[in-house]
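# Give me a 3D structure for the following:
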Amino acid sequence: MSARSKARKRALDLLYASEMRSESPVVALDRAIADGEGPTNDYTAVLVRGVVEHQTEIDELLTTYSQGWTLGRMPAVDRNVLRLGVFELVFVDDVPDTVAVTEAISLVRDLSTDESPTFVNGILGAILKSRSSAV
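Numbers count the residues shown, from 1 in each chain. Predicted coordinates for the structure are as follows:
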């Protein structure tokens with residue numbers, strides 16, 4: 001597993017755990033760093049802070065492209081993986097789109113339901129397609 005793949009997994013862990021505890025992911029990240037349990041890869045912090053900073057825009061995109069699914073109806077793992085994927089697709093220039101989608105699918109394949117890879121691929125694919133046609 002590459003360093004960035006590990007960073008994505010750790011970011012997902014932080015986003016998911018903080019959501020389950022109803023706390024800010026940035027607070028959870030800062031606490032983990034202060035306790036010496038923080039991510040060893042700086043990209044984890046980039047992802048967590050980026051998702052939090054752009055969460056309103058990210059969630060608007062997810063709501064628009066998740067036909068028939070509200071954010072609250074999505075499994076928590078899928079919702080947070082999608083947030084990571086959208087953040088990388090829209091706000092991170094040095095990650096190729098195909099890598100962002102593939103990494104998101106890999107996370108849900110390992111951690112969520114059997115239907116999750118298709119679901120995540122469909123939403124991220126629709127976002128990519130709309131971005132491509134807008135250019």
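
# Contact partners for the residue positioned nearest the centre of the chain?
The centre of the chain sits closest to residue 84, judged by C-alpha atoms, centre = their mean, with a distance of 1.7 Å. For residue 84, the contacting residues are 8, 11, 12, 15, 47, 51, 104, 107, by C-beta atoms under 8 Å, 6 or more residues apart in numbering. All C-beta spots, glycine's among them, are computed from the backbone N, C-alpha and C.

# can you check residue 85 too?
100, 101, 103, 104, 120, 124.

# Ok, residue 127 next?
With C-beta under 8 Å, 6+ apart, residue 127 has these contacts: 61, 65, 86, 89, 90.

# ok so, going back, ranking the contacts of residue 85 by neighbours, who comes first?
Ranked by the number of neighbours (other C-beta atoms under 10 Å), the contacts of residue 85 place residue 104 first, at 27 neighbours.

# Residue 95 versus that residue, what's the distance?
11 Å (C-beta to C-beta, to the nearest Å).
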